[in-house]
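[1] show me how the following folds:
(one chain, ligands or ions: 1)
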Amino acid sequence: MTDPMAETILQRLGGEEAVRRWVNLFYDAVSQDAVLAPLFPEDLTDSRDKQFAFFVQYFGGPALYSERYGNPFLRYLHRHVKIGRRERDAWMLRLMETLRQVISDEALATEIERTVGPLADHMINHHPERKDALYFN
Ligand code: HEM
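    Numbers count the residues shown, from 1 in each chain. Predicted coordinates for the structure are as follows:
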């Protein structure tokens, strides 16, 4: 059973201000990454705002994403992006590198990696090895 008095991941991270710093560092890194940069829009303002709202909500804070943008149907929202294992791994690497610039609690970093990693796996929609797959890009 979950303890209702337990701190949320958002609180342990340092609140919304820490998430904002993390997301900004993450998108700075994305814009410099040879694999990731070409996939994203040139102006990352909206991406930063959406990712911030999503993580605040996902890590136990107010439902900022749903209030502002509607349901976070993540796989559907990534349908226009070709995400293979390589893109997924580059995305996770930048995410974790920049998280560790914001927090020094290694146990928390590992916990976040274990939570977000499977979600990132789920975002893979490009399977070049599956030649028979009709519905993947
Ligand atoms: C846990 C995994 C992930 C989460 C939580 C996540 C979250 C998000 C969110 C909230 C958005 C904005 C969607 C919208 O409202 O339009 C977004 C967009 C996007 N994501 Fe992800 N994402 C994940 C994985 C990935 C991966 C692995 C890639 C691969 C490179 C990726 C690339 C993109 C791109 C290119 C966009 C469109 C640009 C934009 O509008 O921000 N994402 N993602």
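
[2] which of the residues in stretch 122-129 are buried?
    I124, N125, H126 (16 or more other C-beta atoms under 10 Å). C-beta: built from backbone N, CA, C; applies to glycine.

[3] is any residue of that stretch near the ligand?
    Yes: for stretch 122-129, a contact with the ligand is found by C-beta under 6 Å from any ligand atom, at M123.

[4] output that stretch as CSV, nothing but the C-alphas.
    Presented in CSV, the C-alpha positions along stretch 122-129 are these (Å, rounded to 0.1, in the frame of the first residue of the first chain):
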residue,chain,number,x,y,z
HIS,A,122,7.0,2.2,-25.2
MET,A,123,7.7,5.2,-27.4
ILE,A,124,9.7,3.1,-29.9
ASN,A,125,7.7,3.0,-33.1
HIS,A,126,10.4,2.3,-35.7
HIS,A,127,11.5,-1.3,-36.1
PRO,A,128,13.7,-1.6,-39.1
GLU,A,129,14.5,-5.3,-38.2
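
[5] identify all contacting residues around the host helix or strand of S47.
    Here S47 sits within helix 45-58, counting by DSSP states H and E. For helix 45-58, the external contacting residues (C-beta atoms under 8 Å, 6 or more residues apart in numbering) are 10, 16, 19-20, 22-24, 26-27, 40-41, 62-66, 68-69, 72.

[6] so which bits of this protein are right by the ligand?
    Residues of the chain lying close to the ligand by C-beta under 6 Å from any ligand atom are 36, 39-41, 46-47, 50-51, 54, 69, 74, 77-78, 81, 83, 87-88, 91, 116, 119-120, 123.

[7] need the worst-confidence member of the buried residues of stretch 122-129.
    Model confidence across the buried residues of stretch 122-129 bottoms out at H126, which has 90.

[8] let me see the contact set for the spatially closest residue to that residue that is not a sequence neighbour.
    In space, and not counting its chain neighbours, H126 is closest to G84: 4.1 Å by C-beta to C-beta, 6 or more residues apart in numbering. Listed by C-beta under 8 Å, 6+ apart, the contact set of G84 reads I124, H126, H127, P128.

[9] can you check V102 too?
    By C-beta under 8 Å, 6+ apart, the contact set of V102 is L13, G14, A18, R21, W22, L25.
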